[in-house]
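J.: Next comes the sequence, and after it the predicted model I'd like to discuss.
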2 protein chains.
Amino acid sequence: MTKIVQIKQTRIQREKRLLIQKAALQVFSEFGLRGATLDKIAKACGLTKPNILYYYSSKDEIYAEVLQSLLEEWIRPLKDISENGDPLTEILKYVQKKLIMSKTKKQESKLFATEILHGAPLTQNILAGSLKETVDDKVKLLNKWISEDKIAPVDPYHLIFSIWSMTQHYADFDVQVYSLLNTKKRSRVFQDAEDFLLTFFTRCLKQD
Amino acid sequence: MTKIVQIKQTRIQREKRLLIQKAALQVFSEFGLRGATLDKIAKACGLTKPNILYYYSSKDEIYAEVLQSLLEEWIRPLKDISENGDPLTEILKYVQKKLIMSKTKKQESKLFATEILHGAPLTQNILAGSLKETVDDKVKLLNKWISEDKIAPVDPYHLIFSIWSMTQHYADFDVQVYSLLNTKKRSRVFQDAEDFLLTFFTRCLKQD
DNA sequence: TATTTTTTTGACCAAACGGACAATTATTTA
DNA sequence: TAAATAATTGTCCGTTTGGTCAAAAAAATA
């Protein structure tokens, strides 16, 4: 007799898996892969540990899934930089999008940062694969814009790195940022950051 | 009878403590506080676990000491920005120093980043204390330079954040950086980064 | 409603871990 | 060289952790 394999997810499975993912993101981003425990995740979503292991076969599997779904979202806005728009505007729009992500997706940013920081054991192939493709593509575009004198000459790779680092800094190092600012400036960090970054990149890239 | 307390460190104590610190930095920066184990540290420095606990009373104590000695070093170059030098040159010199630190003190940078990322449990008072003092001091200086039209107007706090994030990116996210560059560019990342950053900050801060 | 399937849980296990300690060895000091 | 002190280690312990499993409860299906 053949064993019947369940193909379609039930309503409960969909709901609980999502619940677990959300809790896991929270716990992993705060404690890292090794610092996070199944008990913490269980507590964060109000389930028991064995119940979580009914939906996922291991802690690593949860981590892998959370990371996977995060990565796609992470790369996406870079793809939106369009050949057809005004070069400087396109770049500034990308900066803004990344900054908004740092504000609204702080946990995702921290999880990604922790993963890379510790050698990207599960992410390396994606970095060298689909991300590299997209980056190379945009580097070409930036070089084209430079050769057409539409933006000032810079190393396109390092330009992209600078956008990533400066925007993600407000998510990843938020504790430091908030520690150093007084109450008034604290409440408008992201507004000030946006002003700063737009001024910054405009001065750096504008062709006169 | 009073117990005799050892005041002066012996030669062996000095040597072994340093040995342990070096190994601990390596292990902590790779795995984080919770991912690092005493066994890993022991293996990394060729001592046994109980032997390590002869010099340090707990894992947390090792971590605290490694972090402590790192923090002082981390803040120092900021203090060197001098009121007397040429403003733009002073800032560019600071950028260069930070970039060199990213190249030569990668483990330290990663350990610091991990600590902040996870809420800076042991560092918060230093951030809000001596670091904030130094930052506030330099912010005043930058504002003075701006009011004297010696550099272009920018938010000084965010200028400092941008220097930190862009330079530390090459240490903390090295895996990503190296994944995205081809072999040729990989071998001169830091040279390219320096060129990029100096151009960048010059364009952004120069007064005409 | 009766039966089957899915979901949940308490109890349990082995491995890994931080740490304790007494006994041994090496080093310093008198 | 002998005594005292410092350094090292093998063995052990309690706790935490990821994960198992059988049994119970709940939900879906017939």
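T.: Happy to help now that I have it. Computed from a predicted model, the values in this text were never measured in an experiment.
J.: Give me every residue in chain A lying close to DNA strand C.
T.: A:Ile4, A:Gln6, A:Thr10, A:Ile12, A:Gln13, A:Lys16, A:Leu47, A:Thr48, A:Lys49, A:Pro50, A:Asn51, A:Tyr54 (Cβ under 7 Å from any atom of the strand). Every C-beta, even on glycine, is put in place using the N, C-alpha and C of the backbone.
J.: Tell me, please, the helix or strand in chain A that averages the lowest pLDDT.
T.: In chain A, no helix or strand scores lower on mean pLDDT, DSSP states H and E than helix A:124-126, which sits at a mean of 92.
J.: which parts of the following helix or strand past that one are buried?
T.: Per DSSP states H and E, the first helix or strand lying C-terminal to helix A:124-126 is helix A:132-147. Buried positions in helix A:132-147, judged by neighbour count with 16 or more other Cβ atoms under 10 Å in any protein chain shown: A:Lys132, A:Thr134, A:Val135, A:Lys138, A:Val139, A:Leu141, A:Leu142, A:Trp145, A:Ile146.
J.: anything in helix A:132-147 near chain B?
T.: Yes - using Cβ under 8 Å from any Cβ of the partner chain, helix A:132-147 reaches chain B at A:Lys132, A:Val135.
J.: the inter-axis angle of the helix or strand just after that helix versus helix B:156-172?
T.: The helix or strand immediately downstream of helix A:132-147 is helix A:156-172, counting by DSSP H and E. Helix A:156-172 and helix B:156-172 meet at an angle of 110 degrees, taking axes from the mean of the first three to the mean of the last three Cα atoms, to 10 degrees as the criterion.
J.: Which other helices and strands does helix A:156-172 contact?
T.: Other helices and strands packing on helix A:156-172, by 3 or more Cβ pairs under 8 Å, 6 or more residues apart in numbering or on different chains; DSSP states H and E, are helix A:87-104, helix A:106-117, helix A:132-147, helix A:189-205, helix B:106-117, helix B:156-172, helix B:189-205.
J.: List the contacts of the helix or strand that it is followed by.
T.: As assigned by DSSP H and E, the chain's next helix or strand after helix A:156-172 is helix A:174-180. When contacts are defined by Cβ atoms under 8 Å, 6 or more residues apart in numbering or on different chains, helix A:174-180 is touched by residues A:106, A:169-170, A:186, A:189, B:116, B:119-120, B:124, B:127-128, B:131-132, B:135, B:157, B:161.
J.: Which positions in stretch A:196-208 come out as buried?
T.: Under 16+ other Cβ under 10 Å, the buried positions of stretch A:196-208 are A:Phe196, A:Leu197, A:Thr199, A:Phe200, A:Phe201, A:Arg203, A:Cys204, A:Leu205.
J.: returning to that earlier point: near chain B at all, the least confident helix or strand of chain A?
T.: Yes - on the criterion Cβ under 8 Å from any Cβ, helix A:124-126 is in touch with chain B at A:Gln124.
J.: Identify the residues contacting that helix?
T.: Identification of contacts with helix A:124-126 by Cβ under 8 Å, 6+ apart yields A:Leu71, B:Val175, B:Ser179.
J.: which element is the first one on?
T.: By that I understand A:Leu71. If you go by DSSP H and E, A:Leu71 is part of helix A:59-79.
J.: Show residues contacting that helix.
T.: For helix A:59-79, using Cβ under 8 Å, 6+ apart, the contacting residues are A:20-21, A:24-25, A:28, A:33, A:36, A:38, A:41, A:52, A:56, A:94, A:97-98, A:101, A:105, A:108, A:111-112, A:115, A:122-123, A:126, A:130-131, A:134-135, A:138, A:160.
J.: buried residues in it?
T.: Neighbour-count burial for helix A:59-79 [16+ other Cβ under 10 Å]: A:Lys59, A:Ile62, A:Tyr63, A:Val66, A:Leu67, A:Leu70, A:Leu71, A:Trp74, A:Ile75, A:Leu78.
J.: again, but for stretch A:87-94
T.: Those would be A:Pro87, A:Leu88, A:Glu90, A:Ile91, A:Leu92, A:Lys93, A:Tyr94, for stretch A:87-94 by 16+ other Cβ under 10 Å.
J.: how about the CA coordinates for that stretch, as PDB?
T.: The C-alpha coordinates for stretch A:87-94 follow below in PDB (Å, rounded to 0.1, in the frame of the first residue of the first chain):
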ATOM      1  CA  PRO A  87      19.800  59.100 -14.200                       C
ATOM      2  CA  LEU A  88      20.200  61.200 -11.100                       C
ATOM      3  CA  THR A  89      16.500  60.900 -10.300                       C
ATOM      4  CA  GLU A  90      16.600  57.100 -10.700                       C
ATOM      5  CA  ILE A  91      19.600  56.800  -8.300                       C
ATOM      6  CA  LEU A  92      18.000  59.100  -5.700                       C
ATOM      7  CA  LYS A  93      14.700  57.200  -5.900                       C
ATOM      8  CA  TYR A  94      16.700  54.000  -5.200                       C
END
